[in-house]
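Participant: Attaching a predicted model along with its sequence, questions to come.
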Amino acid sequence: MSRRSTGSFPRYNPDSSDELNDGNNAYPLRSLARNRSIQSRINTAGIVPEDQSDENAFVSSPKSMKRGSVLGYWGSSGRKSRDSDGLEEDGGNSPEPSRRKLLEEEEYDGGYLSRGSVEQDRLLRSSAGVEGAWADGTDAGHVRRPSQSLIRSLTARKEDKPSDRSRTIPFGRGISTSTKYPANIIRNQKYSIVSFIPVVFYEQFKFFFNLYFLLVALSQFIPALKIGYIATYIAPLAFVLFVTMGKEALDDYQRYLRDKESNSTRYLILDRSVSGDAEDGLLTRSVSSSKLKVGDMVVLEKNNRIPADMVLLRTSEGPSGAGETGKDAPDLLSLENGVDDLQAESALEPSSTEGDDGGACFVRTDQLDGETDWKLRIAVGITQNMSDSQLVGMKGSLYADPPIKDIHTFIGNFTIGTSATDLSQKTVVPLSADNVLWANTVLAAGSAVGMVVYTGRETRASMNTSEPESKVGLLDIEINKMAKILCTVTFLLSLLLVALNGFRSQWYIYVFRFLILFSTIIPISLRVNLDMGKTVYAHQIQNDPEIPGAIVRTSTLPEELGRIEYLLSDKTGTLTQNEMEMKKLHMGTMSYGWDSMDEVAHQLVTAFGGEQAPEHIRRQSSVSGVVMASKGRRDISSRLRDAVMALATCHNVTPVTNDDGSVTYQASSPDEVAIVRFTESVGVTLVNRERTRMTVRDPAGKLHTFGILSVFPFTSESKRMGIIVKDLSSGEIVFVQKGADVVMAKIVQKNDWLEEECGNMAREGLRTLVIGRKRLSQEAYRSFDARHKEAQLNLRDRNAAIADVISEHLERDLDLLALTGVEDKLQEDVKPTLEILRNAGLKIWMLTGDKIETATCIAMSSKLVSRGQYIHQVAKLQTAQQASDMLDFVRTKLDCCLVIDGESLQLCLDKHKTTFINIATQLPIVVACRCSPTQKADVARLIRQYTKKRVCCIGDGGNDVSMIQAADVGVGIVGKEGKQASLAADFSINQFSHLTKLLLWHGRNSYKRSAKLAQFVIHRGLIISTIQAVFSSIFFFAPIALYQGWLQVGYATLYTMAPVFSLVLDRDVNEDLALLYPELYKELTKGRTLSTKTFFIWLMISIYQGSVIMLLSLFLFESEFINIVAISFTSLILNELIMVALEITTWHPWMIISEIVTFLIYAISMVVLPQYFDLSFVLSTRFIWKVSVIVLFSAGPLYLIKVVRERLAPANYVKVSQY
């Protein structure tokens, strides 16, 4: 028979024929022969326990098994020492080594299982595919063991990477794991010292421009291809690379400094190597963030950045005070485990501890998800009241799912022994995302202790940090096309000159030499000039006082703002303020509007005892003048009380007292705050909320305390939120749920008014919520709680299992209490903004998750739909034929507004994608309702792909991120719910009305300026190449450079760069006119400012001016070749300065300065560069009149053409400027 020794496994007697039994706390073990067989198979598979000498090893979950680490590790349970053979001893109470090994084999086979490990046993069986007697807690000896299935599952996953697998983290003194996890290092640098130059060079030379000029520069090392000085060709390329490398080096160095600061931040951790007898203050040591490891227990203080993903073990807001010992905390789970009601109520009584939050704390997550509201995090119940020494001394394991990106999901179990001296009983606590502190969040208040579970690249913050998809502007695409044309022109021109020379011997060498000679046709400085221009535009946007808070996050796209044709907008928080106000309460037979809320307060006074009502409620009651004595009134009062109390308890709102004594409501949604503020306005006030209770004050001033038994948070998938509370004064247990009408209509009892009233409120533009309630008996709750706890321990599809339990036990036949209508006010200046954008030619789509009626009402009230415009509503299409008929009808009404729900939209996209997009993109307004985030993104992509037009998406919430990222230009609004959309967008603004100036003014200027700058830079290269081509043609087609050395380098830099770049300050119309005449924006979308037509016009201008300058210089030159260079080059520089002046519409002081300074620099150059200029000739009148004649003939005709054109056929922007 078996014997028990404290703190050890039962001793096995090989001479006994009975199965080993541990009385009430153990299940029978299997035969020794079977275990030897299993151990043989384990050894054959190459899998061994981490430490076979330990008496308390256990199997946590098959997911936690690894090669070389089959068993989770508990460590020793008592005072033990290790002998020379590495075996642990416990003073003679442990079995001898050989028997201990057999016991461990028995344990691996699943034969030994204490009551505390029943849930783990269930997990083991469910993971291994075993069902039967164990699931009911009966004799395990009568069912098939899962060992073989377990080994097969383990060996099948041997090749998996550790980061893709679940983990079991053992903890306790002297316990370590052999599993290697990533170092907790933050590294956002793009380069290392070694990789910087190679990577930057690769990134630069993958562009055609830079690669082309690199080949040109390298060709000068070949004697046969050498033309002029090598520095002439290397200097421009070196300048471009120097600017780029300097910028990249500075950016990366700043990232390095930020990483270094984060990695070197010091944190206190609980040191398990310190003796357990040490005081709490001596149990900590300081380590840098980069040295934290999985399993470390980190001490956090207020405003500390969370350095790694960790499970919250303890918070200073705990019920008994953090670190308090010698006092047993009440069992907060007692009621949920179905114990005596009196004990449960005592467990839920408010603690006298000041600031008690029931083992909960707040964290700020704005740096992780962009949301500004504080998030509540809950400590593990069994560790909340442990002191530092108890935390250091506890032994157990933490199971966690593989690291994933989703910050709202976490599945794990926390398992420890019930005492420090007896580990035969084990407690398993399920873990969820509410128990986890994610890295890069900030502890908002108090202090906390957490156990690290993910580090480094496996943290949620790191996994969600990725380089955004690079967006290329349409202007850049058009310029790349022109570059290809220029490349073709260069080759054809070189081939033409060689052909005119008769393809003589080694003609191909001459082709290459001409290619090098005409390399200026492809301007290497074009990319640099455009990038510098984009920087200027971004600076102007961010410093515009009329759009405060604007941020340019993608500096490569300012020109795109000037060519938007489709605007896709969210509704809530984008067109509306996302500031909710309760406007209506409907209860079937009664309806209360915003102007009759005093009647609600009056009725509640009756329900809660009017004689005790506060003064402001009594005043409301007297003003209402309603007789409260009738039985009908009492019935109404009772129904109102139930509805308002349900609203006052079914939420996730937490009141936070500020330093000045004011109270702020913290919640994840403005709807929640609006409802709590409504209940406060009618006399029912939320006073306090903790993890396990909340306190509400009624109109009579009486406090009602409710124990919070379970909370089921709102998700975009479920579209509802529920809570189970117990009124501690009456003992009544109630399940309250609120949610969208489409979901709640199936959950509440049948009624004849809900659908109709939802439609009525939606037509008023109100957001609706349905409130239901269900009373639960003690037995019903216990039944639900048992199933719910079992589902929480499910490591596979936990969320689905929990949802099934809730649906089965709670979400049936709820009493329909009320329907609420919440108003979301329109943002400031939304109406004129939408009108201006429509006049600018933008086709506007509103994509929202609201119902059709609400969306239609907002579209009308915001003037998105013009007065008298036909609105065609499409909903609940079921077949492809219905969708086809609808599209045929809409094709005949292309001036209408199409309103379509998400289900019908998906049907159209699945069955008639091309037809739908073809018709919808011709409509001026489209409103898509009940849209999911995925549908929003799909619509944006389809419009881009089908129309090839520029699409702008604007939103404010996390559900808009995918749509914003799918657009050509994404605009994010800093919303009430956070900055997710703002952080993911290319441009960030504070309100929708700022979009007008962003598009019509900054977008216009950015596009017009970049187009003009690009054309002039191209012209600058073409004209000097034309001069070179004419010169070579006249001088026997010789591939000899006319301008060498400094003249060639200085031409595109010192002598013309500043005036040409000053074009980024030009504007063709004033700001007021651009906003007053939005029709001017339509012209930009046609792309006529920079097109193939304008390109060839500039090409002809360059050929004409280059030919005139060279031919007249040759005609007027006297005897010295140096005079040809001086006359032609001076004429070229002056011609470019004059051409810049002719292109300017509105002069800026910097333009004047650049023109004058550049001319003076060139004049000084003629003095200090005698090798290029004959000073005596330059100072003569002959030089001056010859240059003047040449410039007059090269630039004069173009000026005359410009004047005549403005008189006879002025552009629209000229017309509005003149009149």
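Facilitator: That came in fine, so what should we check first?

Participant: Give me the helices and strands touching the longest helix seen in the chain, please.
Facilitator: Using DSSP state H, we find that the single longest helix of the chain is helix 230-264. Helix 230-264 is packed against helix 196-205, helix 208-219, helix 525-542, helix 1046-1052, with contacts defined by 3 or more Cβ pairs under 8 Å, 6 or more residues apart in numbering; DSSP states H and E. For the C-beta atoms, the positions are set from N, CA and C on the backbone; glycine is no exception.

Participant: quick one: contacts for residue 296?
Facilitator: Residue 296 is in contact with 269, 270, 287, 451, 452, counting by Cβ atoms under 8 Å, 6 or more residues apart in numbering.

Participant: What about the nearest residue to the second one once chain neighbours are set aside? Give its phi and psi, please.
Facilitator: Same thing as residue 270. In this structure, residue 270 finds its nearest non-sequential neighbour in residue 297, 4.2 Å apart by Cβ to Cβ, 6 or more residues apart in numbering. The phi/psi pair for residue 297 (degrees, to the nearest 10) reads phi -100, psi 120.

Participant: Put the alpha carbons of stretch 223-235 into PDB.
Facilitator: Backbone C-alpha positions of stretch 223-235 (Å, rounded to 0.1, in the frame of the first residue of the first chain) are rendered in PDB as follows:
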ATOM      1  CA  PRO A 223      40.800  56.000 -71.500                       C
ATOM      2  CA  ALA A 224      38.800  55.500 -74.700                       C
ATOM      3  CA  LEU A 225      35.700  56.900 -73.100                       C
ATOM      4  CA  LYS A 226      37.200  59.700 -71.100                       C
ATOM      5  CA  ILE A 227      35.800  63.100 -71.800                       C
ATOM      6  CA  GLY A 228      37.000  66.000 -69.700                       C
ATOM      7  CA  TYR A 229      37.800  65.800 -66.000                       C
ATOM      8  CA  ILE A 230      36.700  62.800 -64.000                       C
ATOM      9  CA  ALA A 231      35.700  65.200 -61.200                       C
ATOM     10  CA  THR A 232      33.100  66.700 -63.600                       C
ATOM     11  CA  TYR A 233      31.100  63.500 -63.500                       C
ATOM     12  CA  ILE A 234      31.900  62.300 -60.000                       C
ATOM     13  CA  ALA A 235      31.100  65.600 -58.200                       C
END
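
Participant: Not counting that stretch itself, show me its contacts.
Facilitator: Under Cβ under 8 Å, 6+ apart, the answer for stretch 223-235 is 213, 216-217, 219-221, 509, 512-513, 516-517, 519, 1039-1041, 1044-1045, 1048-1049.

Participant: out of these, which are buried?
Facilitator: 213, 216-217, 219-220, 512-513, 516-517, 519, 1039, 1041, 1044, 1048-1049 (16 or more other Cβ atoms under 10 Å).

Participant: of all those residues, which comes closest to residue 460?
Facilitator: residue 213 (44.5 Å; Cβ to Cβ).

Participant: which residues touch the residue nearest to residue 579 when sequence neighbours are not counted?
Facilitator: Of all residues not flanking residue 579 in the chain, residue 825 sits nearest, at 5.9 Å (Cβ to Cβ, 6+ apart). When contacts are counted by Cβ under 8 Å, 6+ apart, residue 825 is found next to 576, 577, 579, 581.

Participant: Wasn't residue 655 part of a helix?
Facilitator: No. Applying DSSP: H, G, I helix; E, B strand; the rest coil, one finds residue 655 to be strand, outside a helix.

Participant: Tell me what it is bridged to.
Facilitator: On the basis of DSSP bridges, residue 655 is bridged to residue 665.

Participant: That one against residue 695, yeah?
Facilitator: No. Judged on Cβ atoms under 8 Å, residue 655 makes no contact with residue 695 at a distance of 9.7 Å.

Participant: got any residues that touch both of those two?
Facilitator: 686, 687, 688, 689.

Participant: Distance check, the third one against residue 1002.
Facilitator: Noted for residue 688: a distance of 49 Å to residue 1002, by Cβ to Cβ, to the nearest Å.

Participant: the more surrounded of these two?
Facilitator: residue 1002 (24 against 17; other Cβ atoms under 10 Å).

Participant: Which pLDDT value belongs to the closest residue in space to that one that isn't next to it in sequence?
Facilitator: Closest residue to residue 1002 apart from its sequence neighbours, by Cβ to Cβ, 6+ apart: residue 541 at 5.1 Å. Note on residue 541: pLDDT of 95.

Participant: what's the neighbour count on residue 541?
Facilitator: 24.

Participant: when you give positions from now on, start the count at 44
Facilitator: In the new numbering, first residue 44, that becomes residue 584.

Participant: List the contacts of it.
Facilitator: Residue 584 makes contact with 590, 593, 595, 601, 1030, 1041, 1045, according to Cβ under 8 Å, 6+ apart.

Participant: Now the third one: closest residue in space, sequence neighbours ignored.
Facilitator: Setting aside the residues directly before and after it, residue 595 is nearest to residue 581 in space (Cβ to Cβ, 6+ apart), at 3.9 Å.

Participant: hang on, that neighbour packs against residue 602?
Facilitator: No. Using Cβ under 8 Å, residue 581 is not in contact with residue 602; the gap is 11.3 Å.

Participant: my guess is residue 1216 contacts residue 1209, does it?
Facilitator: Yes. When contacts are counted by Cβ under 8 Å, residue 1216 is listed as touching residue 1209 (4.4 Å).

Participant: between those two, who's got more neighbours?
Facilitator: Between residue 1216 and residue 1209, residue 1216 has the larger neighbour count (other Cβ under 10 Å), namely 22 against 18.
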